[in-house]
Structures are given as structure tokens and as C-alpha cells.
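Undergrad: build me a model:
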Amino acid sequence: MNQQKLDAALIPWVTAHEKKKRARTDTEAFWATRGIERARPAMIDAYATPETEPLTEPLIESTDIDNDEATRKRFDYYCVPASPAMQSLVDHVSVKWLAHQKLFSRQEEAHDKFLLSTCLSNIVNAELADSSIEGVTITRDKVRLSLLSRYRPQVFNKRFLVVVDGLVGCGMLHQVKGFAWHGNVRPAKGKLTTIHSTLIFRQLMADCHVTDVRDTKWDRTGQEIILRKKDKHIALEEYSDLDLLANGYRAEVRAINDMLQSANITVLNRPGLPYVDDRDRFLQRQFTYQSWTSGGRLLGGFWTPMSKADRHERILINGESTVELDYNSLPYHCMYALAKSPMPEGDVYNIPGLDPASRAGIKKVMLALTYDKNANRKKFPTKNGEASLLFTEEDRAKGCPYVITRIRARHAGIGHLLGADKGHGLQFIESQVLIASLLKVREEGLIGLPIHDCLLVPVSQADRIQAIMEETSLLVAGIRVSVRRQ
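TA: Prediction:
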């Protein structure tokens, strides 16, 4: 027994048991039981580990289990069946659902089968993709579901709740109700309704041979462009299908998605590693502040959330290993071009008067300055100033105003643009450069996976794609930006 591990494991274990004792409803008892199961492996490990073994990994943290969404997945309106086995499962459940509806003299409607198949596909995908996922979160806000939105299939209206409740009634799903949405604003963490499978449904999955996550897929055609009211944390903005600029952007992203779908891309899913579904290649372009010239970065793709090391070790393109081609400080090149000032030589983040070891912190501060709406920043960026931890102790003690003064001295040519809310506009130029590069790569029959301002490419194509990226920056941004390999 390892006493150090046991002390750490006892906290969530005891907390979960106490919550179960105090539970007044089935819902509270259910989530408390889940908490016990989550804490159990750490307890077993503590008893099985010798006392001399060092504690090398963090154990389960003491958190409010009822509010923990780490193991829940958001409902995806575009997840659908992808195999005869999955379709067979939908047909079997549909029969049971219809029988349950008839008990209450309810009539079937035209789109019920689609709603039911999408709901079941979400449950199956979540559980087969990651065994730690405990459910799928949905909205029960009838007002929100009543409003038509281009970001959701029109058949997803209040009838969706009838389908979900029917699946719960016939024993296919469990439902833990939460708070409703307000407009397009998501409720606070832990306040969403959660649905997850029952033992009956899991047995039916086995009977229908639905055992692989590839029994489901996504069909997001038409969702290549999204527009935000403000930044990425704010609600979506509706726009007209007749918007010519939006339709042009959508056509570009659709062409890139077609290239990705037909590409020979493989992910090495080894035992013990998180499963990565290499079919998830759909990209969206996200614009901000209700403007088609603000933001515009590409989002999505299975490779985006992976670490650099994982991408290099686990992704093969055309059977080859990969390399990242990254634009060298593209936003600041564009800013200097906008200011019609020559860019200083050397590393953008090498600031006289600050330790080179503080480079990561300097990068954070400069990035924040491009988005700031005024030039009077007094604190280091990010919540509670965590960026200060990226500076050396000596530089941190000098304070953020001193750091900004040194940055402005080094970059005097664009000093008036730092703190002038240029970030989203620069992001748009960056996205235009990357989109143009990808379209040229596609035209030449090559392949690249976009990650913000860089491309992940096969080694054999790196030289040509690097040249394309540099040429494109000159054509689109008006300045030739060097591309480095990582």
C-alpha cells in the first residue's frame, strides 16, 4: 500500500460516498454513484502500489462531481448512422419507440425517424469513441428549439424532446435533466440535460453488432461557415443564404474539405492511447464580430486538438511521416505592412531589456496587445495573470507596464497599432493567406492539414508546399513571409 497515493485517493472517494448518503433524488444518487466508480481505480492503485514507488501522476482531483462535465459530450446535430448494423439498431429501437407512443395515443410525425437516428448515433458515437464518456448533453429549451437556425437542421424543433422522452420511456435511455439554454447561450457547467444509454440499449447494440465507432459518421454539409456576434465565446449570428460573400467563402472551404476527405490520411491508434477518429476532417471557417472581414480561422479536424508530438508520431499522410510548416510571425509582418514600416530583423520576440528565457511570456503579451482595445494594459494577460509565470522571476518583478514599454521600444514602427484592436482583422488576413495556400496545394494535387497559421504536410511534399506558402503570402498579404519547418 502506498500511503501517499491513498491519502490523495481518499478525498474524492469519501466525498462521493457522503453525497450518495445525502442523496434525496434518483438523479443525485446516480451522479454520486458515478463519482464512486471514478474514484475506485485510484483506490485500487493506492493499495496495489508499493510504498517505495514515487507518486508520478496526479490522481482524481477533489471536485464537485455533480458539476463535472469533463466526461460528457455535447450533442451533435449532424451525427448519423454510417453502417447497415447501425441502421438495423435504429429500426429495432424505432419499433419499440412507436409502441411506447401508441400507449399514450400519440401519432408519429414525418421526421421522427431522423430525430431518433441522430439521437441514437450520438449516444453510440460517444460511448464507443471513449469509454470514460458518461453521457451526451442536450438542450431542453423549447423556445430555442422553436426558432429556426441555419446552424441546426430545421427538423430539430420541440418534437426532438418528444423523441428523447419517448426513448427514456421505453427504456432505451436515461435522462438527467438540467437547466435550459437562453437563446444561443449555453448554461453554466453542470446545468445541461444529460442522456446516456441503458443496459437494455447496450444489449441491443451487441445484438445488432454495433461495436465500432465507425458505425456512425457526420454529415455537416452546408455548415462550412459560421458567424459569431462577437468573439469565439459569444453566440452565433444568423445570416442570409443569399449573402454572396458568405457563399464564396463556403465554396472555398467545401473545396478544401473535398481534398481532405479523399486524402490518404491515417492515424496510428495504439492500445493505451486516446482514440482518434481520422474520418473527422470537416473544417469550418469562423468569422467574428458579425463581419466577413474579422476572424475567419479554420476550425475542426481530428488533428487540431492533438499535441505536436502526437501529430508527428501518430499521423501518416500517403504513408509518410509529417512535418509542420509554420509562417514566421505572420500577424506582425502584416501589421508592419499595414503601418508601411520596415520589419526589424531577427526574432520578433527578442526584446532588449528582457531575458530571452521570457520569450513565451513576451509572445503572450504581444498577442494580447493586438486584441486590446486600449493601450493602457496594467496586468499580464489571461485570467489572474497566468502569463506572468512564463517570465523569469526577474522580468516578472518588473511588471507588465515595463514589459510593454520594452516591446513598444523594440517595435516602434507598429507601436500605435498595439492596443488598437487589430487582432481580429489580422486574424482575417492570416486566414486568407492560409486558405489561398490550401487551394493552391489542392490545385497541384498535394495535401496539407491546416492548424491556425501552419500546415501539416508529408515530408516528400514539404519543399514545394513551403514555396507555395511563401509565394501566397506575397500575393495575398503584400509581403513575403518566411516559412519554417517544425
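
Undergrad: sec struct for the residue located most distally from the centre of the chain, please.
TA: In the chain, the residue that sits farthest from the middle, by CA atoms, centre = their mean, is Ser105; the gap is 42.0 Å. When classified by DSSP: H, G, I helix; E, B strand; the rest coil, Ser105 comes out as coil.

Undergrad: ok, Gln175 next?
TA: Assigned by three-state DSSP, the conformation of Gln175 is strand.

Undergrad: on the pLDDT front, check it for me.
TA: We have a pLDDT of 91 for Gln175.

Undergrad: which ones are touching Leu298?
TA: In this structure, Leu298 makes contact with 253, 256, 283-286, 431, 434-435, 450, judged by CB atoms under 8 Å, 6 or more residues apart in numbering. C-beta here means a position set from N, CA and C on the backbone, and glycine is covered the same way.

Undergrad: phi, psi of it?
TA: Per-residue torsions, Leu298: phi -80, psi 130 (degrees, to the nearest 10).

Undergrad: now the one 4 residues further on
TA: Torsion angles at Phe302 (phi, psi; degrees, to the nearest 10) stand at phi -60, psi -20.

Undergrad: give me the pLDDT value at it.
TA: Looking at Phe302, its pLDDT stands at 93.

Undergrad: in helices, which of the contacts of Leu298 fall?
TA: Per DSSP state H, helices hold the following members of these: 253, 256, 431, 434-435.

Undergrad: ok, and the most crowded of those?
TA: Highest neighbour count within those, by other CB atoms under 10 Å: Leu434, with 27 neighbours.

Undergrad: rewinding a little: using a markdown table, lay out the contacts of Leu298 together with distance to Ile414 and pLDDT.
TA: Below are those laid out as a markdown table (distance: CB to CB, whole Å; pLDDT from 0 to 100):
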| residue | distance to Ile414 | pLDDT |
| --- | --- | --- |
| Val253 | 31 | 96 |
| Ile256 | 31 | 96 |
| Leu283 | 31 | 95 |
| Gln284 | 31 | 94 |
| Arg285 | 27 | 95 |
| Gln286 | 26 | 94 |
| Ser431 | 20 | 94 |
| Leu434 | 22 | 95 |
| Ile435 | 24 | 96 |
| Pro450 | 26 | 95 |
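
Undergrad: residue contacts, Pro450?
TA: 256, 283, 298, 301, 434, 438, 456.

Undergrad: helix or strand: which one has the last one?
TA: Of the helices and strands defined by DSSP states H and E, Leu456 is found in strand 454-458.

Undergrad: circling back to that earlier point, between the contacts of Leu298, which is nearest Glu386?
TA: Distance to Glu386 across those (CB to CB) is lowest for Gln286, with 24.6 Å.

Undergrad: just list whatever residues bridge to the closest one.
TA: In this entry, Gln286 is beta-bridged to Ile226, Arg297, by DSSP bridges.

Undergrad: what about it, distance to Arg311?
TA: To Arg311, Gln286 is 21 Å away according to CB to CB, to the nearest Å.

Undergrad: how far does the strand holding Leu456 sit from its chain's centre?
TA: 19 Å (CA atoms, centre = their mean, to the nearest Å).

Undergrad: what's the first helix or strand after that strand?
TA: Beyond strand 454-458 on the C-terminal side, the first helix or strand identified by DSSP H and E is helix 462-477.

Undergrad: pLDDT averaged over the helix or strand following that following helix, what's the number?
TA: Sequence-wise, the next helix or strand downstream of helix 462-477 (DSSP H and E) is strand 483-485. On average, the pLDDT along strand 483-485 is 91.

Undergrad: partner strands of strand 483-485, with direction?
TA: Strand 483-485 is paired, per DSSP bridges, with strand 322-327 (antiparallel).

Undergrad: low-confidence stretches in the stretch 151-300 of the chain?
TA: The model of the stretch 151-300 of the chain has pLDDT under 70 over residues 179-191.

Undergrad: please redo it, this time with the cut-off set to 50
TA: Within the stretch 151-300 of the chain, no range satisfies pLDDT under 50.

Undergrad: about what we covered before: mind putting the contacts of Leu298 into JSON lines with distance to Tyr78?
TA: Below are these laid out as JSON lines (distance: CB to CB, whole Å):
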{"residue": "Val253", "distance to Tyr78": "15"}
{"residue": "Ile256", "distance to Tyr78": "18"}
{"residue": "Leu283", "distance to Tyr78": "14"}
{"residue": "Gln284", "distance to Tyr78": "11"}
{"residue": "Arg285", "distance to Tyr78": "16"}
{"residue": "Gln286", "distance to Tyr78": "16"}
{"residue": "Ser431", "distance to Tyr78": "23"}
{"residue": "Leu434", "distance to Tyr78": "24"}
{"residue": "Ile435", "distance to Tyr78": "22"}
{"residue": "Pro450", "distance to Tyr78": "21"}
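
Undergrad: quick one: which of these is nearest Gly346?
TA: Scanning the contacts of Leu298 for proximity to Gly346, where the rule is CB to CB, the winner is Leu434, at 24.6 Å.

Undergrad: OK, contacts around that closest one?
TA: Contacts of Leu434 (CB under 8 Å, 6+ apart): 298, 450, 453, 455.

Undergrad: same deal with Ala99?
TA: By CB under 8 Å, 6+ apart, the contact set of Ala99 is Cys170.

Undergrad: so which helix or strand takes in it?
TA: helix 84-103.

Undergrad: how about the contacts made by the closest residue to Asn264 other than its chain neighbours?
TA: Leaving out its chain neighbours, the residue that sits closest to Asn264 by CB to CB, 6 or more residues apart in numbering is Asn318, at 5.0 Å. Shown in contact with Asn318 (CB under 8 Å, 6+ apart): 263-264, 447, 458, 460.

Undergrad: now Asn318: phi and psi?
TA: Per degrees, to the nearest 10, the backbone of Asn318 is at phi 60, psi 30.
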